[in-house]
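Undergrad: Predicted model and sequence follow; I will ask about them next.
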Amino acid sequence: MEQLRAAARLQIVLGHLGRPSAGAVVAHPTSGTISSASFHPQQFQYTLDNNVLTLEQRKFYEENGFLVIKNLVPDADIQRFRNEFEKICRKEILKYVECFTGPNIMAMHTMLINKPPDSGKKTSRHPLHQDLHYFPFRPSDLIVCAWTAMEHISRNNGCLVVLPGTHKGSLKPHDYPKWEGGVNKMFHGIQDYEENKARVHLVMEKGDTVFFHPLLIHGSGQNKTQGFRKAISCHFASADCHYIDVKGTSQENIEKEVVGIAHKFFGAENSVNLKDIWMFRARLVKGERTNL
Ligand SMILES: O=C(O)CCC(=O)C(=O)O
Ligand SMILES: [Fe+2]
């Protein structure tokens, strides 16, 4: 954790160094008026040649380090985003989340799931799994997933499939499924579940939301349509949960994989563990950040 923060700090510090100072400039941010002398293309250092910016805009950015583009996002989009944002602020969904987590609520993991049309190799399936496999925090009963359909979702475009009652069991070992067509990175599945246990396919309409326990065994089927099937999911946990060390447990394999990715993409040091990564990602959405 400290290393991640230190690396971020270092980047910020380095970002301020090593570039020549532009000196004092009297500039108007939106008109592009600059007070400096002429530029030659070979002097461009901070902008790239790709025909999007006008010469004036490039010059302005080169000189001042910022550039305002008027009306870049259309009014209608801004209005939509504002409405959504205000809905989030009204915490409409959280009143349900609180029924499972209690009043101190952390958003641990948020996704817009864009399930692609199947390539014909059945790789758009999500193997049966328990989400707790990915989480180094407990108790599991204070964690819940909210999964919202963004369109009509049925067996045709790969709806969720759940094994009712399995939340009463324990966390099972997970690994990559042995699928012939290939597997998706980090999509681990349960290796030995009862094949003949009843499955329920959750057919949902746009806006329907299912809340489910992190031990509930679930997955999703092939997307047999040409469209990208969309859903929003967020895993919430009580801020009163605590982190656990997954070393020596069945979760060790996912820790290794996640830490490996953090190392590759962010250069995080080997001493970073699954807990550090979750602590960094977690966001308080209601109440107090007591633990997580
Ligand atoms: O939306 C899906 O296909 C299932 C997603 C899921 O179970 C997960 O991301 O853990
Ligand atoms: Fe899941």
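TA: Good, I have the coordinates. Ligands and ions are numbered 1, 2, ... in the order given.
Undergrad: CA atoms for contacts and neighbours, from now on please.
TA: Noted.
Undergrad: what's the first-to-last distance across stretch 111-129?
TA: This stretch, stretch 111-129, spans 17 Å end to end (CA to CA, to the nearest Å).
Undergrad: For the residue of the chain found nearest ligand 1, list the residues it contacts.
TA: Closest to ligand 1 within the chain is Ser220: 4.7 Å, counting by CA to the nearest ligand atom. The contact partners of Ser220, taken as CA atoms under 8 Å, 6 or more residues apart in numbering, are Arg125, His126, Pro127, Leu128, Gly158, Cys159, Leu160, Val161.
Undergrad: Out of those, which end up buried?
TA: Buried subset of these (neighbour count, 16 or more other CA atoms under 10 Å): Arg125, His126, Pro127, Leu128, Gly158, Cys159, Leu160, Val161.
Undergrad: which strand residues sit across from Cys234 in the sheet?
TA: Beta-bridge partners for Cys234, by DSSP bridges, are Thr110, Ala146.
Undergrad: Let me see the ranges of the strands in this structure.
TA: Ranges of strands in the chain, per DSSP state E, are 105-115, 126-129, 137-138, 143-149, 160-163, 174-175, 189-190, 200-202, 209-212, 217-220, 229-238, 242-243, 283-286.
Undergrad: how about these in TSV, adding distance to Ser271?
TA: As requested, these are arranged in TSV below (distance: least, CA to CA, whole Å):
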stretch	distance to Ser271
strand 105-115	21
strand 126-129	28
strand 137-138	19
strand 143-149	27
strand 160-163	36
strand 174-175	24
strand 189-190	27
strand 200-202	41
strand 209-212	33
strand 217-220	32
strand 229-238	25
strand 242-243	16
strand 283-286	23
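Undergrad: Take the ones you listed and lay them out in a markdown table including mean pLDDT.
TA: Converted to a markdown table, these look like this (pLDDT from 0 to 100):
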| stretch | mean pLDDT |
| --- | --- |
| strand 105-115 | 93 |
| strand 126-129 | 93 |
| strand 137-138 | 96 |
| strand 143-149 | 95 |
| strand 160-163 | 94 |
| strand 174-175 | 91 |
| strand 189-190 | 92 |
| strand 200-202 | 94 |
| strand 209-212 | 95 |
| strand 217-220 | 94 |
| strand 229-238 | 95 |
| strand 242-243 | 96 |
| strand 283-286 | 94 |
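Undergrad: quick one on the thing from earlier: restrict the buried ones among the contacts of Ser220 to contacts with ligand 1.
TA: Restricting the buried ones among the contacts of Ser220 to those touching ligand 1 (CA under 6 Å from any ligand atom) yields His126.
Undergrad: quick one on the thing from earlier: let me see the contact set for the closest residue to the residue of the chain closest to ligand 1 other than its chain neighbours.
TA: With CA to CA, 6 or more residues apart in numbering as the criterion, Ser220 has its nearest non-adjacent residue at 4.4 Å, and that residue is Leu160. Each residue near Leu160 by CA under 8 Å, 6+ apart is listed here: His201, Leu202, Val203, His218, Gly219, Ser220, Gly221.
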